[in-house]
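Peer 1: sequence first, predicted coordinates after that:
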Amino acid sequence: SHDHVRKDASSGDNPLDSKLFRRLHKMDSVSTLLAYTERSGEEAFSKHSKKRAQRMMHYSVSFQPFTATIHPKSPAISNKMRHNNVSFELSSFRSTDVSERDDDASLSEESLNSSGSIFMRTPTSFPPTPTSRLYYFERGSRFTENVIFLARDQLRVERGLDHENEQTRAMSSALREGSRLAVFDAADAGGGGIALSCGQHIATKIGNALYCSTRSMIPVMRNSYVYFEISVSPPPSTTDASGNNVNPQVAVATLSIGLSTLEMPLNTLVGAWKGSVGLCSTGQILQAGHWLSSNSQEHSTYGCNSTVGCLVYIDDTSAFDTWDGKNVVADVTFNINGCVIPLAESAAAEQIGDSTLSLVAPKAQELFPTVTLHSPATCVMCRFSADDLLANSRKEIGAPNGVTVYSVDGSVLLDENTNFVEGADDFLDTSSALDTFSHDEVAL
């Protein structure tokens with residue numbers, strides 16, 4: 001055309017196949033193109049900019065300014081994997097209305113939608129620049145990791161339905177019915193200051209807030225010994241010009257690991273709020289706003305390459321009345337790399353044994369495994385299933401004899417007749433176990 005005006009779509013025409021258009025619209029809001037007209041006599045780029053862009057593009061595009069007429073569509077809302085009422089009555093959990101917590105999507109929906117429609121790619125929509133291609137492939141890798149971990153966790157739930165332990169079966173049934181998994185909760189990811197990856201098993205601080213907290217998606221069971229672990233990642237390493245690894249300038253991870261209720265704000269250090277307790281990387285224990293010390297401050301500190309374990313028992317029979325309603329006592333024991341943390345004598349009023357402290361929490365509230373990240377880029381991995389736990393004996397976690405020890409997902413770590421995990425000897429050395437644990441991947 002001599003007037004350099006081109007129309008690629010006339011009014012009412014849809015360049016996409018109707019079926020493909022509907023599929024795209026389900027993933028994201030898609031508008032219908034009614035008309036497209038390039039404006040002649042106008043230049044949006046300089047000659048130099050055009051040549052530079054053309055060298056980076058894999059296909060020819062027009063640099064002319066244009067006018068497009070579209071028909072916007074309202075976003076499609078899918079309720080395929082949404083549950084408006086999640087009940088954990090089989091495991092003595094409190095029934096939770098998802099809408100109260102603004103949790104608009106389950107793990108599956110979050111994992112699928114976080115990476116976008118990566119399968120809806122055509123030769124003309126392939127990222128044209130090296131930077132955009134790198135982002136695209138990394139996004140695809142994260143999507144794959146999320147799917148693999150999601151499939152593994154769901155298979156574990158299905159396996160628990162046939163377990164010989166009645167409580168494990170009840171918990172697995174509640175998880176399946178409630179569409180929940182034993183992972184970090186994306187709705188509680190530090191108010192946007194924490195990024196979750198690997199199927200929401202790994203949490204990394206990305207925000208600038210002083211404290212960013214995240215809780216597990218499910219609470220710990222009541223009237224049972226429940227044990228979980230949180231592993232701290234090694235510091236990220238960089239490579240110099242010779243290809244040698246260079247340690248970062250700041251390699252000290254500062255964080256706190258413990259338990260909290262849903263009342264605790266996500267920008268609060270766990271343990272500073274009532275009904276919460278946390279073991280800080282400095283070796284101090286913060287319980288309901290009060291600091292407690294251990295007998296061995298040197299052995300109670302932790303950081304990169306460390307694994308912190310927490311054993312909790314919520315005793316509903318210990319309920320007592322207060323001005324704020326009924327409270328219950330939860331017995332909490334911490335360990336670091338399989339060494340139980342003894343409490344100082346000054347904390348005798350808050351403890352019931354040499355290493356077990358008593359946490360008072362509202363009976364109407366559930367306790368959730370909680371991590372507060374303080375230092376930038378701190379990365380942790382949750383171990384909420386018996387298959388992932390590193391501890392192998394009662395001595396390493398401080399559990400009494402003759403009781404069954406469960407993990408957060410209800411799987412059995414130690415039954416009442418065993419003191420050691422079958423086929424294991426000692427606590428797995430995390431310094432070597434975490435060599436493959438990086439910010440981007442975790443071994444299945």
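Peer 2: In hand now; what should we look at? Residues are numbered from 1 along each chain as shown.

Peer 1: what are the boundaries of the strands in the stretch 301-444 of the chain?
Peer 2: Here the stretch 301-444 of the chain has its strands, by DSSP state E, counting those that start in this stretch, at 307-322, 325-336, 339-340, 356-362, 368-373, 379-383, 405-406, 412-414.

Peer 1: in its sheet, what does the fifth one sit against?
Peer 2: Applying DSSP bridges, strand 368-373 is found paired with strand 212-215 (antiparallel), strand 255-260 (antiparallel).

Peer 1: what helix or strand does G271 sit in?
Peer 2: Using DSSP states H and E, no element contains G271; it sits outside every helix and strand.

Peer 1: who are the contact partners of it?
Peer 2: Contacts here follow CB atoms under 8 Å, 6 or more residues apart in numbering; on that basis G271 touches S256, G258, V277, G278, C280, I285, L286, Q287, A288, G289. C-beta here means a position set from N, CA and C on the backbone, and glycine is covered the same way.

Peer 1: now rank those by neighbours and give me the top one.
Peer 2: Ranked by the number of neighbours (other CB atoms under 10 Å), the contacts of G271 place V277 first, at 32 neighbours.

Peer 1: next one: it from L181, what distance?
Peer 2: Noted for V277: a distance of 24 Å to L181, by CB to CB, to the nearest Å.

Peer 1: where do the strands sit along the stretch 51-200 of the chain?
Peer 2: Ranges of strands within the stretch 51-200 of the chain are 66-71, 194-197, based on DSSP E, counting those that start in this stretch.

Peer 1: can you list contacts of the longest one?
Peer 2: Strand 66-71 is contacted by residues S11, S31, T32, L33, L34, A35, Y36, T37, E38, R39 when judged by CB under 8 Å, 6+ apart.

Peer 1: dump that strand to PDB, restricted to CA.
Peer 2: What follows is strand 66-71 as a C-alpha-only set of coordinates in PDB (Å, rounded to 0.1, in the frame of the first residue of the first chain):
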ATOM      1  CA  PHE A  66      -0.700   2.100  15.700                       C
ATOM      2  CA  THR A  67      -4.200   2.400  16.900                       C
ATOM      3  CA  ALA A  68      -6.000  -0.700  18.100                       C
ATOM      4  CA  THR A  69      -9.700  -1.100  18.900                       C
ATOM      5  CA  ILE A  70     -10.500  -3.900  21.400                       C
ATOM      6  CA  HIS A  71     -13.500  -5.300  23.100                       C
END
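
Peer 1: that one: partners in the sheet, and parallel or antiparallel?
Peer 2: As assigned by DSSP bridges, strand 66-71 forms pairs with strand 32-38 (antiparallel).

Peer 1: buried set for the partner strand?
Peer 2: Of the residues in strand 32-38, those scored as buried under the neighbour-count criterion (16 or more other CB atoms under 10 Å) are T32, L33, Y36, T37, E38.

Peer 1: likewise for stretch 317-337?
Peer 2: Buried positions in stretch 317-337, judged by neighbour count with 16+ other CB under 10 Å: N327, V328, V329, A330, D331, V332, T333, F334, N335, I336, N337.

Peer 1: JSON lines for these, including pLDDT and distance to D316?
Peer 2: Shown next, in JSON lines, are the buried residues of stretch 317-337 (pLDDT from 0 to 100; distance: CB to CB, whole Å):
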{"residue": "N327", "pLDDT": "94", "distance to D316": "11"}
{"residue": "V328", "pLDDT": "94", "distance to D316": "6"}
{"residue": "V329", "pLDDT": "94", "distance to D316": "10"}
{"residue": "A330", "pLDDT": "95", "distance to D316": "10"}
{"residue": "D331", "pLDDT": "95", "distance to D316": "13"}
{"residue": "V332", "pLDDT": "95", "distance to D316": "16"}
{"residue": "T333", "pLDDT": "95", "distance to D316": "19"}
{"residue": "F334", "pLDDT": "95", "distance to D316": "22"}
{"residue": "N335", "pLDDT": "95", "distance to D316": "25"}
{"residue": "I336", "pLDDT": "95", "distance to D316": "29"}
{"residue": "N337", "pLDDT": "93", "distance to D316": "32"}
